[in-house]
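Undergrad: 3D model of this:
(2 chains)
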Amino acid sequence: MQNYTSFILDLQLVETQVLNAQYVLMKFHQESPLPIMHPGQFIQVRVDGSPNTYLRRPISINFVDSKKNLLWLLIQLIGDGTKTLAATPVGNKVNMILPLGNNFSKPEANDKVLLIGGGVGVAPLLMLGKEIKEQGLKVTFLLGARSANDLLELDEFSKYGEVYTTTEDASAGEKGFVTQHSILNEKVFTRIYTCGPKPMMQAVAKYASKKNIECEVSLENSMACGIGACLCCVEDTVDGHVCTCTTGPIFNIKKLKW
Amino acid sequence: MVDQSIDLNGLKLRNPVMTASGTFGFGEEFTDFMDLARIGGIVVKGTTLRHREGNPYPRMAETPMGMLNAVGLQNKGVHYFVDTIYPRIMKFDTNILVNVSGSTVEDYVETAEIISALAHIPGIELNISCPNVKEGGMAFGTTAIGAARVVDAVRKVYKKHLMVKLSPNVTDITEIARAVEASGADSVSMINTLLGMAINAEKRKPVLSTVTGGLSGACVKPIALRMVWQTSKAIQIPIVGLGGISSATDAIEFLLAGASAIQVGTANFIDPAISPKIADGIVEYCERHGFKSVRELIGALEIEELQPSACLTDQKCS
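TA: Modelled structure (predicted):
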């Protein structure tokens, strides 16, 4: 059972920043303090209940300012749900269930930490990077994307650590995939956190297990309820089928059958 | 003060709102969002004699105003339920019914017998209608003979409230309902999910690992409502109506069609706090229309003169 409380809240949209044609960064606020949220947890957002967005949309927590009661969600415009959400007029309230799921585990004091993100999967790594920096550790980000246009929030990431990038078309950083970046050969890491497309995370997991590096991944199996009731989002693990929404979304790769 | 209580053939509900199996976990998943003491009962996740891993991922597809699932009765078996889950939930202040499923008649009987010993479980919901398992499940629920075999056998060993969940994936659901009634069921709940399918055109592949799955959500409501209405004319035992109920108005429609209680299913995923709101909305409706008891709504549909549909007369279909 989860050891935290989840809430159904109506948060007010205060700003939608269009990062480019495919991504928006939405900022929400409420007057009263937000629930405590940890890096890696997610939110079930009610879009509008229209025929094509019947279910809620699970979205990673990108960043929280607990002093100003602000919450950021980084959203890739993929289907009707995300497009409708992104078109919400500023000032409107959006219904959310939060926080949900487990979180990335804290690194040890002597860990050398690498955060690897791909595409919109960089979303939960921003708050994670901030918390690890506040813990007094050096943070290294390795962020990959198809092209420079898909590298998101680089200025924000650079506030909390060194940022290395790869793009498939060589428009920014090193050409290729994150797992081909030279930093993996040049530096030593003892703990990797990753979120992104499944093939990327599987490649990272393969690298980490070969090098015997602790590694946690964030899964995004398709969900209905988000609270462990429907059993739709299961991942086949060494413990059998478990719900990604409650046992995850963060899994140590030792638990996965990848 | 509206009297909300329902006597479901001996099972006392504080109000007609229950939650549907497979959409409400074991109730504990929802305690952050609502007070279980505000609803009539919960039907916990489908339980089988032995552990079942369920179907492979992906198990879910969103569809217009609904969803398909192909969970396949994933559960840790009745002994795990008795030893681990029951002690956690037995003190919940509501009726807890266990949804029981099996691959053979013997499985159903043994599981029902084990649950029969649990003091805080006043009834079971016999699942003869799961569309997502290969053997058992819906295979029993799609023929009157199969349904009667399971219900007859379970009735012999199970003396508390025996609710039987009916499959809509049949030619005539009233025939199955009559068979189940004749075999001694105390009530029927209807409908389970409708067999459906989703395709990813871009990938030219089915969305679900099992290709087909069970359709639920608001989109199935008109079918469920029709089936409840037809069945209410065919049997004497109470009907618990479900299928797409997402508001108090939806719930009232099922009561008017002849249901004595209702279950909220897929709507729990969209608003985990919806079931007590539905109970409140039913009371508000009764106050507005001058009903002193929710029971006055049961079967209160006013049909001036039943018109046979054109297809059953000599008229040509347009």
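Undergrad: ok, the residue of the stretch 151-300 of chain B found nearest chain A - contacts?
TA: Across the stretch 151-300 of chain B, no residue is closer to chain A than residue B:269, which sits at 4.1 Å (C-beta to the nearest C-beta). Where C-beta positions appear, they are placed from N, C-alpha and C, glycine not excepted. Going by C-beta atoms under 8 Å, 6 or more residues apart in numbering or on different chains, residue B:269 touches A:55, A:56, A:224, A:225, A:226, A:229, A:230, B:23, B:67.
Undergrad: Doesn't it belong to a helix?
TA: Yes - according to DSSP: H, G, I helix; E, B strand; the rest coil, residue B:269 belongs to a helix.
Undergrad: quick one, helices of the stretch 51-200 of chain A?
TA: Using DSSP state H, counting those that start in this stretch, the helices of the stretch 51-200 of chain A run over residues A:80-86, A:125-134, A:154-158, A:183-186, A:198-211.
Undergrad: Other residues contacting the third one?
TA: The set of residues that contact helix A:154-158 without belonging to it, under C-beta under 8 Å, 6+ apart, is A:63, A:122, A:125, A:126, A:129, A:141, A:143, A:163, A:165.
Undergrad: Please report which of these has the highest neighbour count.
TA: Using other C-beta atoms under 10 Å in any protein chain shown as the neighbour test, the contacts of helix A:154-158 are led by residue A:125, with 31 neighbours.
Undergrad: ok, so what distance separates residue B:229 from residue A:179?
TA: Separation of residue B:229 from residue A:179 (C-beta to C-beta, to the nearest Å): 60 Å.
Undergrad: now residue B:145
TA: Counting by C-beta to C-beta - residue B:145 and residue A:179 are separated by 59 Å.
Undergrad: One more: residue B:284?
TA: Taking C-beta to C-beta, one finds residue B:284 at 59 Å from residue A:179.
Undergrad: Same drill for the two, tell me which one is more crowded.
TA: Each of residue B:284 and residue A:179 has its neighbours counted (other C-beta under 10 Å); residue A:179 has more, 18 against 12.
Undergrad: Quick check, the more buried one in contact with residue A:205.
TA: No - Residue A:179 sits out of contact with residue A:205 when judged by C-beta atoms under 8 Å, with a separation of 10.0 Å.
Undergrad: Next, count neighbours for residue B:169.
TA: Residue B:169 has 18 neighbours, counted by other C-beta under 10 Å.
Undergrad: which stretch of helix or strand covers it?
TA: Taking DSSP states H and E as the definition, residue B:169 sits outside all helices and strands.
Undergrad: With adjacent residues omitted, what lies nearest to it?
TA: Among residues not flanking residue B:169 along the chain, residue B:195 sits closest, at 4.9 Å (C-beta to C-beta, 6 or more residues apart in numbering or on different chains).
Undergrad: Provide a list of residues in contact with that neighbour.
TA: Residues counted as contacts of residue B:195 (C-beta under 8 Å, 6+ apart) are B:131, B:169, B:212, B:213, B:214, B:215.
Undergrad: Check which residues of the helix or strand containing residue B:221 are buried.
TA: Using DSSP H and E, residue B:221 falls within helix B:221-232. By 16 or more other C-beta atoms under 10 Å in any protein chain shown, the buried positions in helix B:221-232 come out as B:221, B:224, B:225, B:227, B:228, B:229, B:231, B:232.
Undergrad: circling back: just the buried members of the contacts of residue B:269?
TA: A:55, A:56, A:224, A:225, A:226, A:229, A:230, B:23, B:67.
Undergrad: what's the last one in contact with, if anything?
TA: Residues in contact with residue B:67 (C-beta under 8 Å, 6+ apart) are A:54, A:55, A:224, B:60, B:61, B:215, B:216, B:217, B:266, B:269.
Undergrad: Roughly how far does the residue of the stretch 151-300 of chain B closest to chain A sit from residue A:56?
TA: Here the criterion is C-beta to C-beta. By it, residue B:269 lies 7 Å from residue A:56.
Undergrad: just checking, residue A:176 touches residue A:166?
TA: Yes - using C-beta under 8 Å, residue A:176 is in contact with residue A:166, at 5.6 Å.
Undergrad: okay, these two: which has more neighbours?
TA: Taking neighbours as other C-beta under 10 Å, residue A:176 and residue A:166 compare with residue A:166 leading, 24 against 14.
Undergrad: The more buried one pairs with what?
TA: For residue A:166, the beta-bridge assignment (DSSP bridges) gives partners residue A:144, residue A:174.
Undergrad: How confident was the prediction at it?
TA: As summarised for this prediction, residue A:166 has a pLDDT of 98.
Undergrad: Please apply the same query to the one 4 residues further on.
TA: Residue A:170 is assigned 96 on the pLDDT scale.
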